[in-house]
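K.L.:
Build me a model:
(one chain, ligands or ions: 2)
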Amino acid sequence: MDYPVLDTQISPEGRLDVLSKAEINKLLDTSHGGLYTVFRHCTLAVLNSGNALDDGKELLARYPDFSISILLRERGIKLDIRNAPAIGERLFLNTCAQCHGSDAQGNKGFPNLTDKDWLYGGDPATIELTISQGRHGIMPPMGAAVGTDDDVRNVANYVLSLSDSAHDPIKAAFGKPKFAICAACHGPEGKGNQAIGAPNLTDKIWLYGGDIDTIMDGINHGHNNTMPAHKTLLGDAKVHLLAAYVWSLSNSGGLEAEQKQNK
Ligand code: HEC
Ligand code: HEC
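P.N.:
Ligands and ions are numbered 1, 2, ... in the order given. Here you go, the predicted model:
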């Protein structure tokens, strides 16, 4: 069986200058009496947290190419990690892929988790909350409130115009005033509202589809979509790991890039 692995570099937050050069050399010394083997095993055990496996020998056998080295930087150190257990990815494949796809790109009704377009918000804490407590996206059937079938078609054309998708401009102009009842949730400009999971309608990213029939059907029948809560099933530690994994899918520069950006 293949176990997914990943390579990464980690910089400690703030300064980490507690290790002397001599100590670092000891940690990296692979000779008899050096600490490298112990260091490697301990790190692997830490990286395995959140995994059900509790057998040290089996763990070492699963990740034979795992390595960790310390890179000396001008200020402090960096850890270079190779072929480390990708626990988040494994958890995702086991628990989430059935709905979101093994590439996390979603499907009709199941959001793409890789595109930085969020129904509820894409910061780590919000993602964690979504996974832990679940979400329930509800749009009531709006057909009656909008009016006749023609009115529904007009407002659907207006929706398509918001993202510059193919639409009939005359129908869209007729539909525009009707959008006032949609604005309560989708916002006056149709940019959505993450507090209730109302999608942004201006971005050509569709949860259900960007054709006139799908949009009219949604207006007429509404939507009722559930992301199950996972807190009880997985526990807080795994939910936390998964949140980090999901966040990383659309932040490939990683935490370091994010931290730089925030400085
Ligand atoms: C039974 C199907 C199902 C499973 C299993 C599932 N999800 Fe979801 N997930 C959904 C649906 C449906 C939504 C959209 C809910 C909505 O429309 O309000 C969603 C929404 C989300 C969102 C919010 C996306 C956004 O744009 O804000 C995240 C994050 C997420 N899921 C992550 C996960 C993770 C991680 C797992 C595995 C622990 C998982 N999901 C398992 C069905 C599922
Ligand atoms: C009470 C709040 C509410 C109102 C009012 C509302 N919507 Fe929605 N709408 C939502 C939510 C929430 C979703 C996401 C449903 C889901 O998660 O499955 C949604 C989804 C949609 C979608 C699907 C978007 C996609 O990416 O596929 C379209 C299109 C849409 N709404 C258009 C409208 C139009 C047009 C109106 C007015 C006639 C309207 N909505 C009124 C809350 C609302």
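
K.L.:
so, in contact with ligand 2 or not, stretch 150-165?
P.N.:
Yes: using Cβ under 6 Å from any ligand atom, stretch 150-165 comes into contact with ligand 2 via Val155, Val159. All C-beta spots, glycine's among them, are computed from the backbone N, C-alpha and C.

K.L.:
any idea of the mean pLDDT in that stretch?
P.N.:
On average, the pLDDT along stretch 150-165 is 98.

K.L.:
buried sites along that stretch?
P.N.:
By 16 or more other Cβ atoms under 10 Å, the buried positions in stretch 150-165 come out as 151-163, 165.

K.L.:
from those residues, which two are the most distant?
P.N.:
Asp151 and Ser163 (20.5 Å; Cβ to Cβ).

K.L.:
can you tell me if stretch 199-206 touches ligand 2.
P.N.:
Yes: applying Cβ under 6 Å from any ligand atom, one finds that stretch 199-206 is in contact with ligand 2 at Pro199, Leu201, Trp206.

K.L.:
Checking the nearest residue to the second one once chain neighbours are set aside next. Helix, strand or coil?
P.N.:
It stands for Leu201. In this structure, Leu201 finds its nearest non-sequential neighbour in Gly190, 4.0 Å apart by Cβ to Cβ, 6 or more residues apart in numbering. Under DSSP: H, G, I helix; E, B strand; the rest coil, Gly190 falls in the coil class.

K.L.:
Would you mind measuring from Gly190 to Arg82?
P.N.:
46 Å (Cβ to Cβ, to the nearest Å).

K.L.:
between these two, who's got more neighbours?
P.N.:
Gly190 (20 against 15; other Cβ atoms under 10 Å).

K.L.:
ok, the more buried one - contacts?
P.N.:
Val159, Leu162, Phe179, Cys182, Ala183, Asn200, Leu201, Thr202 (Cβ atoms under 8 Å, 6 or more residues apart in numbering).

K.L.:
and Ile138, that one's in a helix?
P.N.:
No: if the criterion is three-state DSSP, then Ile138 is strand and not within a helix.

K.L.:
Neighbours of it, how many?
P.N.:
The local packing of Ile138 (other Cβ under 10 Å) involves 13 other residues.

K.L.:
For Thr130, give me its contacts.
P.N.:
So Thr130 contacts Tyr120, Met227 (Cβ under 8 Å, 6+ apart).

K.L.:
Surely it forms part of a strand?
P.N.:
No: applying three-state DSSP, one finds Thr130 to be helix, outside a strand.

K.L.:
Would you convert the contacts of Gly190 into CSV that also reports distance to Val239 and secondary structure?
P.N.:
Compiled in CSV, those are given as follows (distance: Cβ to Cβ, whole Å; DSSP: H, G, I helix; E, B strand; the rest coil):
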residue, distance to Val239, secondary structure
Val159, 35, helix
Leu162, 35, helix
Phe179, 37, helix
Cys182, 33, helix
Ala183, 34, helix
Asn200, 26, coil
Leu201, 30, coil
Thr202, 31, coil
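
K.L.:
next one: stretch 40-51 to chain centre, how far?
P.N.:
The chain centre lies 23 Å from the centre of stretch 40-51; the measure is Cα atoms, centre = their mean, to the nearest Å.

K.L.:
now check it, is it near ligand 1?
P.N.:
No: for stretch 40-51, no contact with ligand 1 is found by Cβ under 6 Å from any ligand atom; the gap never falls below 12.4 Å.

K.L.:
Can you report how many residues neighbour Ile127?
P.N.:
Neighbour number of Ile127 under other Cβ under 10 Å is 23.

K.L.:
With Gly33 instead?
P.N.:
Gly33: 6 surrounding residues under other Cβ under 10 Å.

K.L.:
Are we agreed that it is in a helix?
P.N.:
No: per three-state DSSP, Gly33 lies outside any helix segment and is coil.

K.L.:
Quick one: name the residues of the stretch 151-263 of the chain near ligand 2.
P.N.:
155, 159, 181-182, 184-186, 196-199, 201, 206-208, 215, 218-219, 223, 225.

K.L.:
hmm, 5 Å instead?
P.N.:
Proximity of the stretch 151-263 of the chain to ligand 2, by Cβ under 5 Å from any ligand atom, involves residues 159, 182, 185, 197-199, 206-208, 215, 218-219, 223, 225.
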